[in-house]
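K.L.:
what would the 3D arrangement of this be:
(4 chains)
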Amino acid sequence: MQVTFKISRFDPQQEEAKQHYKSYTVQTSPGMTVLDALNEIKWHQDGTLSYRKSCRSGICGSCAMKINGINGLACETQIEPMKKKTIVLDPLPSFEVIKDLAVNMDPFFEHLAAVKPYLINEEPPPDRERLQSPEEFKRISDPIACILCMSCTSSCPSFWTDPEYIGPAALYKAYRYEFDTRDKGSEERLEALDNRHGLWRCHTIFNCMDACPKNLKITHGISLLKRKVIAEKY
Amino acid sequence: MFYRPKTGMLAWILFRTTGILLIIYLAMHITVISNLHNPGKFNETMAFLGSWQFRLLEIGLYAVVIYHALNGVRILIIDFWKGALFQAKMFWILAAIGLVLFVAGAYPIFTHAMYWKHNPDKSNYHIIEEASIAQETFLAGWEVKDE
Amino acid sequence: MADRQLHKFDAVVIGSGLAGLRAAVSLSREYNTAVVTKVFPTRSHSGAAQGGIAASLGNIDDDNWEYHMFDTVKGSDYLGDQDAIEILVRQAPDVVYDLEHLGVPFSRTKDGLIAQRKFGGHTLNFGEKAALRACYSSDYTGHVLLHTLYENSLKNHIRFFSEFDVLDLIIEDDVCKGCVAWDIRNGGLHVFHARAVVMGTGGYGRAFKITSNAHANTGDGLGLVLRNGLPLQDLEFVQFHPTGLWKQGILVTEGARGEGGYLKNRDGERFMERYTPTLMELAPRDVVARSMQTEIDEGRGIDGKDYIHLDITHLGKERIMERLPQIHDLAFNFSGIDCFKEPIPIQPTAHYSMGGIPVDNGCHVVKNGKLERITGLYAAGECSCVSVHGANRLGTNSLLEATTFGRIAGRSARADLSNIDFSDLPKNPRARAQAEVDWFLKANGSRKVADIRADLQETMTARCGVFRNEADLKKQLDHVRELQEMFKEISIDDKGKVMNSDLMEAIELGHLLEFSEVIVSGALGRRESRGAHFRKDFPKRDDDNWLKHTLAWRKPGGGVEFDWRPVIITRFQPMERKY
Amino acid sequence: MSDRDRGIRSGGAFSWFFQRISGVFLLLALLVHFWVLHFSAPDHGEITFGSVMERLNNPLWRAFDILFVVTAVYHAMNGALLIVQDYIRATGLRMIVVAGLWIGALYFLIVGSMTILGLA
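P.N.:
A predicted model of the protein is given here:
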């Protein structure tokens, strides 16, 4: 099957650098993914194309981009089942484009750091493991699979209009620690969560869950966090 | 910037749009009922609003209210239960419920409108005079500036 | 004017996988630490490890470190250094508890302890029966370890230089003074002046066509070491993981077999009973990979093709989704297979390099078989060779090695730093790296990086794969040298400085070509079969001549020079390896 | 507080929580309102001065109506502020719009309440 890839290009080193689309034609085969097609283009057609890639098995989160209008991982998206003659590739929305499909990830990870995404527990640990029941583990077994690919935050209309909004990924990370029975850091995290650029900016639009390549229950986690904060306050 | 909307985003866009429409309606509604102190104008306005053309608009309003209310319910289920896990399904179920409510409600509204259209003699215009008399008993001490 | 591209840190860690981050977390408690990494930390390939991390916690079984040690020694086909292995297995429980205290979310037993599962080659009572030793977090074990360590790095305020590709180490008179790195995002060479440099640069699966490794796993650290006149150890030992997704090589965790999955050939036969009747599918990886390859070579692959079936349908939906959720997604996304109903097509895939930068038990990089150190240079994890894995690594021992020796590297550096001061940098520390970058950016030949790389990967898989022989290896050695010549005639399309991945791929290929020569030479030289290195022309292990580590230097003009280093044997004398 | 927040005090926990509570109240109140005014009314749902007056003579109905107006204006105002917060990025314009919204809200609150009380 022949598929045309319309790829967003941007090179800041060009004079009057402007975002534009460039089309490439790729002969696809069953099982071929969007990342395979990008590699095909980069390796055999146009070496100047820039994008991030690494594990190509959906676990590192490097190759997130907007594929036909919706965020996802290039390495996980099979081409032929899409049944499209043309596939449009854009960088993740709402992040500054560095070159072509690669965006500046700094704001995303700054927001992540803001929720203090680590275990806070000043009590000296026991000699062995801290105990946790399988049910307690199950409460966090979903968010721990987050690969920080940025698809969710970049797909969120609240984030589009408010770059200070810490976004679904950071909130879900907060959920992962807030609902970890070993954690005692609720109070420290509250500052980042309980404000108009935190939890309350989530309007349950669900673009995050639709974009998430790991099918995580992000919005549900955020809802539980909201309830937790409300229950503590009122 | 184009982003392909799925159910959740669609629901949200409609929710905001209907919210804005309802704000506009609320403003109109309060203005209208503020005429309550003037029975003449009240009935005149009501008569106008009771016209079948306006009733059609009212059916539109009814749809907007149903949407905003039912999606509000959906959001409550998301926020306070585990609705986030089946929000899309819930949207379509509520859409079906909304449709039933709409038809059930729109029908009487519309038949009323038709009723007035065909029986203009029974419309509100007839009771203006009657109401004007009633005004005096109700509005003792109220300064009527208009008319 | 101050050089804005000159950075001074007490310690610089190169690489942000498990070993690098574990070292950095340890170092950052006392010292100003930077991590220089070519991919963003959470993109590191440690995150792709699925199955577990071994430790004889005995949460379910009556386990102890001696069993673990025996299994590791035996699994290594007696090439592992037993003093190092003892450190590894004795520290294992503490390392795992430490990780748990740092916040790693492990799956749990009913009593709230860390859950443990079976894994290939891990046994109780010296080979009696399979042991439940692998601590896990569903099938995201490496992922949660990596992310937890990254999060702790944030807590400890470690400075990250993400998307900085290290092009050179600054080593003078056996003292490492830092490194030079290319800023991928903006272009430009940065000098990192340091008192201690820890390498955690990972493996080189990308030298092969079918591999479970990431695009980034090009073994750059090994290339850097070779270029600085230092040796590499045991590079001929490349682990082929039995269960890579067919055609893609993407890892399907051994945990799938640990949970009870079957391997089946075209006749639906569980063929492992012919090879290892005791452990069946849970034999060590080298054994299973060879058994599978034999089935395929003898025409018993599925439909006579080059793959085998991994059947987990009998585990049931619930157990798969609880213990192996990622496998379900991978099989579905990459093979279109519904693993609740159908078996998964798999084939052996290049997975792990047992060899690497030779280090002593304190992770100090050594320059020869006499264990003379390079001051201020440390290595840990897959890029290093302590050697705890010997000729073949057991599943779940890699996460353990990365975290254990990452911590040891950090602690060694901490201890040493009280005595090491900043030494003066050479006049132009960037010179060599600058020359390399300039050469690539001007390269205007007729060859394509991608073509040479594809050629290398294909021929390495065909001739230096699961089974090897003299003729193929000789042919491959010549071929690699040919490719090295071709590499001098490349051109790259992208001449810019911003996000120039064209340049990065060329640099990576340079490393691949250099150490591939070492891999093939080592394999050609080692005329025996041991662990993952199987010579069809020498199918027996030869302890009389080959119970020793290979040390290999790359000569400046090309060609490889060898020396050997004895294997350290303490508790377990070599014996025949049967499962 | 960053520049972007100027002119807006909405969007916190209270705003979120009370928007939901007021929403629930409005939903119930609306049902009552609709039922009483439109569906259960005689004469094909005609609203006449007389029928309204009769109902408003009851102080409970009056209280109900005032609560209804207050909640509706609050809910609308809060929703409007959320939208303004999202889409109006220029600080100056936003302050003008927010000021306008406040004036509007107060105006309708007063007019609405006066209407109900003024008839007493």
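K.L.:
drop to CA atoms for contacts and neighbour counts, all remaining ones
P.N.:
OK.
K.L.:
burial check on whichever residue of chain A sits closest to chain D, number of neighbours?
P.N.:
Using CA to the nearest CA, the single residue of chain A nearest to chain D is A:Arg196, 4.8 Å away. The tally of other residues near A:Arg196 (other CA atoms under 10 Å in any protein chain shown) stands at 25.
K.L.:
just the one 10 residues further on next, same as before
P.N.:
A:Phe206 is surrounded by 30 other residues when neighbours are defined as other CA under 10 Å.
K.L.:
can you check A:Lys233 too?
P.N.:
9.
K.L.:
list the buried residues of the host helix or strand of B:Arg74.
P.N.:
For B:Arg74, the host element (DSSP states H and E) is helix B:52-80. Applying a neighbour-count criterion of 16 or more other CA atoms under 10 Å in any protein chain shown, one finds B:52, B:55-56, B:58-59, B:61-79 buried in helix B:52-80.
K.L.:
could you list the low-pLDDT ranges of chain D?
P.N.:
Applying pLDDT under 70 to chain D flags residues D:1-10, D:37-51, D:119-120.
K.L.:
tell me where it has helices.
P.N.:
In chain D, helices defined by DSSP state H lie at D:13-34, D:42-45, D:49-56, D:59-87, D:91-118, listed in chain order.
K.L.:
and the longest helix seen in chain B, what does it pack onto?
P.N.:
If you go by DSSP H, chain B has its longest helix at helix B:87-118. Packing partners of helix B:87-118 (3 or more CA pairs under 8 Å, 6 or more residues apart in numbering or on different chains; DSSP states H and E): helix B:7-33, helix B:52-80.
K.L.:
one more pass at 10 Å, please.
P.N.:
helix B:7-33, helix B:52-80, helix D:42-45 (3 or more CA pairs under 10 Å, 6 or more residues apart in numbering or on different chains; DSSP states H and E).
K.L.:
among the helices of chain D, which is the most enclosed?
P.N.:
The highest average neighbour count among the helices of chain D, using mean count of other CA atoms under 10 Å in any protein chain shown, belongs to helix D:59-87 at a mean of 18.
K.L.:
do any residues in that helix lie close to chain B?
P.N.:
Yes. Part of helix D:59-87 sits near chain B under the criterion CA under 10 Å from any CA of the partner chain, namely D:69, D:72-73, D:75-77, D:79-80, D:82-83.
K.L.:
burial measure for residue 36, as a count.
P.N.:
Unless you meant another one, I'm taking chain A. Neighbour number of A:Asp36 under other CA under 10 Å is 19.
K.L.:
hmm, no, I was thinking of chain D.
P.N.:
13.
K.L.:
likewise C:Asp173?
P.N.:
C:Asp173 has 7 neighbouring residues, counting by other CA under 10 Å.
K.L.:
may I ask you to name the longest helix in the chain?
P.N.:
Since you didn't name a chain, this refers to chain A. Chain A, longest helix under DSSP H: helix A:218-233.
K.L.:
if you could check chain C rather than the one you did, that'd help
P.N.:
Ranking each helix of chain C by length (DSSP H) puts helix C:501-525 first.
K.L.:
which is the next helix or strand following that one?
P.N.:
Assigned by DSSP H and E, the successor of helix C:501-525 is helix C:543-546.
K.L.:
any idea of the mean pLDDT for the next helix or strand along the chain from that next one?
P.N.:
Downstream of helix C:543-546, the next assigned helix or strand under DSSP H and E is strand C:548-554. The pLDDT scores in strand C:548-554 average 97.
K.L.:
what's the angle from strand C:548-554 to helix C:501-525?
P.N.:
Strand C:548-554 runs at 130 degrees relative to helix C:501-525, counting by axes from the mean of the first three to the mean of the last three CA atoms, to 10 degrees.
K.L.:
for strand C:548-554, which positions count as buried?
P.N.:
In strand C:548-554, counting by 16+ other CA under 10 Å, buried: C:548-554.
K.L.:
what stretches of the stretch 351-500 of chain C score poorly on pLDDT?
P.N.:
In the stretch 351-500 of chain C (pLDDT under 70), no residue qualifies.
K.L.:
now it against chain A: closest residue?
P.N.:
Residue nearest to chain A within the stretch 351-500 of chain C: C:Asp494 (4.5 Å; CA to the nearest CA).
K.L.:
which residue does chain B bring closest to chain C?
P.N.:
Nearest residue of chain B to chain C (CA to the nearest CA) works out as B:Leu85 at 16.9 Å.
K.L.:
what residues does chain D put near chain C?
P.N.:
Residues of chain D lying near chain C (CA under 10 Å from any CA): none found.
K.L.:
pull the helix or strand with minimum mean pLDDT from chain B.
P.N.:
helix B:128-138 (a mean of 45; mean pLDDT, DSSP states H and E).
K.L.:
ok, back up a step: make CSV out of the helices of chain D and add distance to A:Thr219.
P.N.:
Conversion of the helices of chain D to CSV gives the following (distance: least, CA to CA, whole Å):
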stretch, distance to A:Thr219
helix D:13-34, 15
helix D:42-45, 43
helix D:49-56, 45
helix D:59-87, 19
helix D:91-118, 29
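K.L.:
nearest to C:Ser335, of the ones you listed?
P.N.:
helix D:59-87 (42.4 Å; CA to CA).
K.L.:
give the other helices and strands that that closest one contacts.
P.N.:
Short answer (3+ CA pairs under 10 Å, 6+ apart): helix D:59-87 packs on helix A:157-161, helix B:7-33, helix D:13-34, helix D:49-56, helix D:91-118.
K.L.:
just give me the lowest mean pLDDT stretch among the helices and strands packed on helix B:87-118.
P.N.:
Taking the mean pLDDT of these, helix D:42-45 comes last: a mean of 52.
K.L.:
which secondary structure element contains C:Pro277?
P.N.:
Using DSSP H and E, no helix or strand contains C:Pro277.
K.L.:
excluding its backbone neighbours, what's nearest it?
P.N.:
Spatial nearest neighbour of C:Pro277, chain neighbours left out: C:Tyr579 (7.3 Å); criterion: CA to CA, 6 or more residues apart in numbering or on different chains.
K.L.:
go on, C:Lys341?
P.N.:
C:Thr313 (5.6 Å).
K.L.:
what does C:Ser16 give?
P.N.:
Going by CA to CA, 6+ apart, C:Ser16 has C:Pro41 as its nearest residue, at 5.0 Å.
K.L.:
wait, that neighbour touches C:Glu163, no?
P.N.:
Yes. Assessed by CA atoms under 10 Å, C:Pro41 is found in contact with C:Glu163 at 9.1 Å.
K.L.:
of the two, which one has the most company?
P.N.:
C:Pro41 (27 against 19).
K.L.:
give the contact list for the more buried one.
P.N.:
A:60, C:15-18, C:20-21, C:35, C:47, C:146-147, C:149-150, C:160-163 (CA atoms under 10 Å, 6 or more residues apart in numbering or on different chains).
K.L.:
do that again at 8 Å, thanks
P.N.:
Residues near C:Pro41 by CA atoms under 8 Å, 6 or more residues apart in numbering or on different chains: C:16-17, C:150, C:162.
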